[in-house]
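Asks: okay, here's the prediction I keep looking at, along with the sequence it came from:
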Amino acid sequence: MTTTIAEQEVALVDLVDRLLGGGVVIAGDITLSVADVDLVYVGLRALVSSVATAEEKNALPRMGSAL
Amino acid sequence: MRDKVLAAPLQLDPFAPDRERLENALTRRVNADPESVERGLAQLVLTIVELLRQLMERQALRRIDGGALSEDQIERLGQTFMELDKRMEELREEFGLTEEDLNLDLGPLGRLL
Amino acid sequence: MIELYAITDDPTPPDPPLRAVESNGLTALCAPTGRREVTPDALWRHEEVVEALMESRDLLPVRFGTIVSDERAAARAVEQRKEELAASLERVRGAVELAVRAQRRDPEGDAPPESESGRKYMIAKARRLAAARPVHEPLAALARDSALQRGPELLHAAYLVDRDAVERFVSLVRRLQREHPELDILCTGPWPPYSFAEAGGRS
């Protein structure tokens, strides 16, 4: 089955999403540089971690009777 | 191998890449050291503000959903969030940041937003 | 300099130029770094390597552009996160990733209206998020796991699906599309489990 250009284009979006945004990351702690000074935000990582666990991954609101 | 489309709607246009965003994504990667993320302070601060804003909005929606809030509270929450939304847009513009810029890539933790 | 492609616990040696760097039960699959240019072509070629590996092994794809100085560094990197990586590998065993995006065919008022009413703003927000449920929930039910990404789309999700459930999943997407003519639903894949390789998920 031949792929159309349009199909390759949309697949590219999903490809880039994954290759650049997903996958295993071999890295140490998060290092952010401000004015060439490396500040290791260990605290930030812990914050985001706790937020990520608290936020249910699949929670989508329902259209309750209140709305 | 590049035929990854399994199910497609009649119109593929809405799902096509935004060329500019794609360029940014690719060129940013070239300059990014895999072990560090270089961002300005404003970007960092605004990203956290945006994260909190989204969390609060979602939480509010869940509470409204659960019927826990009065009509008056709902109205006030909505007004507040509308205002916050507008302010965030103004702040972003002030610092020349796009919505994408506020989606910090935190490596193993994924994207912030 | 060597580039990492994937992490696996399968001992089968890969085809050259790929090499297996073993470290305590886990293996990093890597190759000498080629020309460092990030173009769609380079990305597709990288993907082809990972997918070829995935045809005969369960693996965790490594983020594109992960380069280390030598094999010892690769082994060290894997060693450092051995438990997490092993756990992730277990989570994705026998499964592939399918990507789904959905949009409203008529993007009437996806953005909350410029209305004065705070209540209307909240309703619009909730309606937009809730509209994704009839698509997301049945798909999530067929999947082992799912990861939602926030973005302009109505639904932007990754589903971890058993290899032998892929056909059923795609049929379901097609059925949902028929049942929801007001939406445009796109499904691509199968992909290596990029969105489920890290415990924190992709987003």
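Replies: That came in fine, so what should we check first?

Asks: make it CA atoms for all contacts and neighbour counts henceforth
Replies: Noted.

Asks: what about dumping the CA coordinates of stretch B:14-24 to PDB?
Replies: Output in PDB follows, covering the C-alpha atoms of stretch B:14-24 (Å, rounded to 0.1, in the frame of the first residue of the first chain):
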ATOM      1  CA  PRO B  14      -6.000  19.200  10.800                       C
ATOM      2  CA  PHE B  15      -3.300  16.700  11.800                       C
ATOM      3  CA  ALA B  16      -0.600  17.900   9.500                       C
ATOM      4  CA  PRO B  17       2.600  19.300  11.000                       C
ATOM      5  CA  ASP B  18       2.900  23.000  11.700                       C
ATOM      6  CA  ARG B  19       6.100  23.600   9.700                       C
ATOM      7  CA  GLU B  20       7.400  26.300  12.000                       C
ATOM      8  CA  ARG B  21       6.800  24.300  15.200                       C
ATOM      9  CA  LEU B  22       8.500  21.400  13.600                       C
ATOM     10  CA  GLU B  23      11.500  23.400  12.600                       C
ATOM     11  CA  ASN B  24      11.800  24.700  16.200                       C
END
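
Asks: for the biggest helix by length in chain A, packing partners?
Replies: Longest helix of chain A, by residue count under DSSP state H: helix A:5-21. Where contact means 3 or more C-alpha pairs under 8 Å, 6 or more residues apart in numbering or on different chains; DSSP states H and E, helix A:5-21 is packed against helix C:40-54.

Asks: how about a cut-off of 10 Å?
Replies: If you count contacts as 3 or more C-alpha pairs under 10 Å, 6 or more residues apart in numbering or on different chains; DSSP states H and E, helix A:5-21 packs onto strand B:5-7, helix B:19-31, helix C:40-54, strand C:95-104, strand C:183-191.

Asks: list the buried residues for that helix?
Replies: The neighbour-count check on helix A:5-21 (16 or more other C-alpha atoms under 10 Å in any protein chain shown) flags A:7-21 as buried.

Asks: ok, back up a step: will you turn the helices and strands packed on helix A:5-21 into TSV that also has mean pLDDT and distance to chain A?
Replies: Output for the helices and strands packed on helix A:5-21, formatted as TSV (pLDDT from 0 to 100; distance: least, C-alpha to the nearest C-alpha, whole Å):
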stretch	mean pLDDT	distance to chain A
strand B:5-7	96	6
helix B:19-31	65	8
helix C:40-54	94	7
strand C:95-104	96	7
strand C:183-191	96	7
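
Asks: got these as CSV, with mean neighbour count columns?
Replies: Shown next, in CSV, are the helices and strands packed on helix A:5-21 (neighbours: other C-alpha atoms under 10 Å in any protein chain shown):
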stretch, mean neighbour count
strand B:5-7, 19
helix B:19-31, 13
helix C:40-54, 16
strand C:95-104, 24
strand C:183-191, 24
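
Asks: surely C:A6 is in a strand?
Replies: Yes - secondary structure of C:A6 (DSSP: H, G, I helix; E, B strand; the rest coil): part of a strand.

Asks: what's the neighbour count on the residue in chain C that chain B sits nearest to?
Replies: Using C-alpha to the nearest C-alpha, C:G118 is the residue of chain C that sits closest to chain B, at 3.6 Å. By the other C-alpha atoms under 10 Å in any protein chain shown criterion, the neighbourhood of C:G118 contains 22 residues.

Asks: ok, it - contacts?
Replies: Residues in contact with C:G118 (C-alpha atoms under 10 Å, 6 or more residues apart in numbering or on different chains) are B:72-83, C:124.

Asks: ok, 8 Å please
Replies: C:G118 makes contact with B:74-82, according to C-alpha atoms under 8 Å, 6 or more residues apart in numbering or on different chains.
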